[in-house]
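Visitor: Turn this into a structure:
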Amino acid sequence: MDILACPVCKGDLVLNVSEEDEKEVIKGTIFCPACKIHYPIDEGIPNMLPPEDGD
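Guide: Have a look, this model is predicted:
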């Protein structure tokens, strides 16, 4: 987490774990307090794509 940054503002991120095993986070979110964006973690894979504008 120390090397990750928000893809939108490059700010610090907060990890919220819903489910984990001995080695990794299985489900949860990575949250940017500055942008108020939650990036989901599903099956151990974080989705760090910025949200699309104007849909």
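
Visitor: All the strands of the chain, residue numbers only.
Guide: 14-20, 25-32, 37-42, 45-46 (DSSP state E).

Visitor: now for the third one, which elements pack on it?
Guide: Translated: strand 37-42. On a contact count with 3 or more Cβ pairs under 8 Å, 6 or more residues apart in numbering; DSSP states H and E, strand 37-42 meets strand 25-32. For the C-beta atoms, the positions are set from N, CA and C on the backbone; glycine is no exception.

Visitor: what's next to the strand it packs on, contact-wise?
Guide: Contact partners of strand 25-32, identified using Cβ atoms under 8 Å, 6 or more residues apart in numbering, comprise 1, 4, 6, 8-9, 11-20, 37-44, 46, 48.

Visitor: What angle do strand 37-42 and that strand make with each other?
Guide: 170 degrees (axes from the mean of the first three to the mean of the last three Cα atoms, to 10 degrees).

Visitor: Adjacent strands (with direction) for strand 25-32?
Guide: strand 14-20 (antiparallel), strand 37-42 (antiparallel) (DSSP bridges).

Visitor: average pLDDT across it?
Guide: Throughout strand 25-32, pLDDT has a mean value of 96.

Visitor: from the strands paired with strand 25-32, which stretch is densest packed?
Guide: The highest average neighbour count among the strands paired with strand 25-32, using mean count of other Cβ atoms under 10 Å, belongs to strand 37-42 at a mean of 17.

Visitor: List the contacts of residue 9.
Guide: With the criterion set at Cβ under 8 Å, 6+ apart, residue 9 makes contact with 32, 34, 35.

Visitor: isn't the second one right next to residue 11, touching?
Guide: Yes. Contact status for residue 34 versus residue 11: in contact at 4.2 Å, counting by Cβ atoms under 8 Å.

Visitor: I'd like the distance between the closest residue to residue 43 other than its chain neighbours and residue 48.
Guide: Here the nearest residue to residue 43 in space, its sequence neighbours aside, is residue 26; by Cβ to Cβ, 6 or more residues apart in numbering that works out to 6.7 Å. As judged by Cβ to Cβ, to the nearest Å, residue 26 and residue 48 stand 17 Å apart.
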